[in-house]
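Undergrad: predicted structure and sequence below. I'll ask about it afterward.
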Amino acid sequence: MSYEGIEDYDEIFLSCVFSFTKLYEQVLDLPYVHFGGTGIYPDGGEDLPYEVEHSKPDYSLYQPYVDEQLAKGRRRSALADYLDYSIGFTTRGCFRKCSFCVNKKYDRVHPHSPVSEFLDESRPYIYLWDDNFLAFSDWKSVLHELQETGKPFQFRQGLDVRLMTNDKAKELSRCRYHGDFIFAFDHIQDRERIERKLKLWRTWTDKGTRLYVLSGFDSQDEKDIESVFERISILMKYDCIPYIMRYESYKTSRWRSLYVNIARWCNQPQFFKKKSFREFCETNQQYHKTPGTYCSAYKAMTDFEREFPEIAAKYFDLRFEEMSMMKRYGRRFFGAITPEERGCQEGYWTDYATGCMDNGAILTAYYEKKLDSVCGNELVEEGLIEGNAISSLFNEIKRARLDDIFAAVRSIEDKEIVSPQNVPQFSKLEIAYGIPGLLEKLEEPQAFDAMGIYLDKTSGKKPAANKKYGENHSKLAALLDIADIVPDGHVKKVSASPFGGLFCNLDDAEKKSMAARLAFRIPVVQHVLTAAFDTEVSISDYLKPFADSTRARRLPNICAILDLIRSECSDWDSELRYALENVGR
């Protein structure tokens, strides 16, 4: 994906391209007119002569520039692209014909050169500038060739996530990749397809993923600003970092300063991951040195918010950690709930409280987490639903046959992604059962390290071990909806959930029975058992984002939860029994 008229490629990337352009000029003694597509020469030819195309690049041509920059005081790390990377194209061309792209004259992807032709064995990494690699029919062979070098590699111009398949996601996720995976999200009209592909991608990996977000191209008004923020919010959901690419037309916009500051926020992950856009602008204002005036970031934000308050209200307070589906703990939200999610919860809880849902719909809504006990409790406190709604739902779940719960889970079309955050890891199930009672005694939320000390009486443990012990069992309790994990600044704390208080009042046998029912909320349990209803499955196949060693540690935990469910099956739960028999390790 090669953008024309874009300001936001970093300096190193552009200088690398120009350096290779200069290299070709020296070898051919011909002016190379533009980069990003195949070179255009005065004689009208489009490809390098065969003998040049198949010669090794002379990376020493970089050295005078590197020496000059080092002499000026630049750090070596800033010049790593020139020193540490073999750089080339394995394929060229693209079929998309995007109007902003320098490759729009092409209509297909064709092979360009084997990796060996530009590989310098002395350099530890490989950069690839392929235009649309995933559109190449023999992409798998190229990946295997890259893997055989033993060197980490990265596609710097981005991969076309719209072309992602299960096979491509599997191969890429297992590559020895360097840095973030890079894709693109240029148009909001591609939302449905890109969300579907990102969900597929996230079933295979939780590795760093960044998407170029084109801005200022389709228009330069509030509609484009809204489109940019909507794409940012979607990427937040899938734990992806946006990289704002400003098309040159943004300079004509009355919101030019806003475009600049959205890019400043997103393109610096250390800010984007920790602050909402509003917090970013407010922090800039705090460091503003001229009393009685606004900094550019704060002024751009407030000017836009004054004119378009609805857009600002929807997007300016979104925070990466709270939006990410990969960082949620048994709920559809983490911390602040979005207005859309609040409206969804209120609608379902109102229907439930007024008797407008049958038993099947109630179970489906609960296991889809659209009847969330924490949200329900807020609605009770606000007087929007009856006070007994929470206990009524708890008892509905407690009385339900496991086969009915299983049927409800199978009916969920859009199941939550299995991620490292929502696959249980624990020492004993019973430890998680005791968390609600412990929290009731302590009467205030507890950080993971404190929970570890309370839950594990072993003395002499290192603080990190205490924190991990508390975190693991608290996460399991949250997945079972008997606890809630909430952000408190940069610390995560465990608090009692509405279901947790009711769970405390059960005897041991009832707790075990209820835990088996609540276990159907866990995404990996939903996926494994739903698939096992139709065919034999292996649990390992649903732990794709994990390394082999981590997968081996998590497998016994999942087996223990399935054994819990199996132990509570009655003679009438025939469909669930059949599915459990189809599950292998």
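TA: Received the coordinates, thanks.
Undergrad: would you map the helices across the stretch 301-450 of the chain?
TA: Using DSSP state H, counting those that start in this stretch, the helices of the stretch 301-450 of the chain run over 309-315, 320-323, 339-353, 359-367, 373-381, 389-399, 402-410, 429-433, 435-442, 448-455.
Undergrad: mean pLDDT lowest where, among those?
TA: Among these, helix 320-323 has the lowest mean pLDDT, at a mean of 88.
Undergrad: hey, C-alpha coordinates of that helix in CSV?
TA: Presented in CSV, the C-alpha positions along helix 320-323 are these (Å, rounded to 0.1, in the frame of the first residue of the first chain):
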residue,chain,number,x,y,z
PHE,A,320,-7.6,2.2,24.5
GLU,A,321,-7.5,-0.1,27.5
GLU,A,322,-11.2,0.3,28.2
MET,A,323,-12.2,-0.4,24.6
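Undergrad: contacts for it?
TA: Outside helix 320-323, the residues within contact range by Cβ atoms under 8 Å, 6 or more residues apart in numbering are 233, 236-237, 272-274, 327, 333-336, 338, 487. No exception for glycine: its C-beta is placed from N, CA and C like everyone else's.
Undergrad: and with 7 Å instead?
TA: 233, 236-237, 272-273, 327, 334-336, 487 (Cβ atoms under 7 Å, 6 or more residues apart in numbering).
Undergrad: likewise for stretch 77-90?
TA: Against stretch 77-90 from outside (Cβ under 7 Å, 6+ apart): 12, 16, 20, 62, 65-66, 69, 112-113, 115, 117-120, 123-130, 142.
Undergrad: quick revisit: and the contacts of helix 320-323, which two are the farthest apart?
TA: Using Cβ to Cβ, the two most remote members of those are S233 and P487, lying 18.0 Å apart.
Undergrad: need the helices of the stretch 301-450 of the chain in TSV (columns: mean neighbour count and distance to S570).
TA: As requested, the helices of the stretch 301-450 of the chain are exported to TSV (neighbours: other Cβ atoms under 10 Å; distance: least, Cβ to Cβ, whole Å):
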stretch	mean neighbour count	distance to S570
helix 309-315	15	47
helix 320-323	20	40
helix 339-353	17	26
helix 359-367	20	17
helix 373-381	20	25
helix 389-399	17	13
helix 402-410	20	7
helix 429-433	20	20
helix 435-442	19	26
helix 448-455	20	32
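Undergrad: quick one: closest of these to A515.
TA: In terms of Cβ to Cβ, the element of the helices of the stretch 301-450 of the chain nearest to A515 is helix 429-433, at 6.5 Å.
Undergrad: export the closest one as PDB, just CAs?
TA: Provided in PDB are the C-alpha atoms of helix 429-433 (Å, rounded to 0.1, in the frame of the first residue of the first chain):
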ATOM      1  CA  LEU A 429     -11.300 -23.700  41.200                       C
ATOM      2  CA  GLU A 430     -12.300 -23.500  44.900                       C
ATOM      3  CA  ILE A 431      -9.900 -20.600  45.400                       C
ATOM      4  CA  ALA A 432     -11.900 -18.500  43.000                       C
ATOM      5  CA  TYR A 433     -15.100 -19.600  44.600                       C
END
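Undergrad: circling back to that earlier point, can I get the buried part of the contacts of helix 320-323 as one ChimeraX selection?
TA: Of the contacts of helix 320-323, the buried ones can be selected in ChimeraX as follows, counting by 16 or more other Cβ atoms under 10 Å:
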select :233,236,237,272,327,334,335
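Undergrad: just the ones of the contacts of helix 320-323 in strands?
TA: P487 (DSSP state E).
Undergrad: torsion angles phi and psi at K492?
TA: phi -100, psi 140 (degrees, to the nearest 10).
Undergrad: next up, the contacts around it.
TA: By Cβ under 7 Å, 6+ apart, the contact list for K492 reads 448, 485.
Undergrad: swap the cut-off to 6 Å and go again
TA: Listed by Cβ atoms under 6 Å, 6 or more residues apart in numbering, the contact set of K492 reads I485.
Undergrad: quick one: it from F546, how far?
TA: As judged by Cβ to Cβ, to the nearest Å, K492 and F546 stand 21 Å apart.
Undergrad: try Y85
TA: 29 Å.
Undergrad: again, but for R553
TA: Here R553 is placed at a distance of 9 Å from F546 (Cβ to Cβ).
Undergrad: so which one among the contacts of helix 320-323 has the lowest pLDDT?
TA: Among the contacts of helix 320-323, K327 has the lowest pLDDT, at 75.
Undergrad: and Y32, what pLDDT?
TA: So, for Y32, pLDDT stands at 31.
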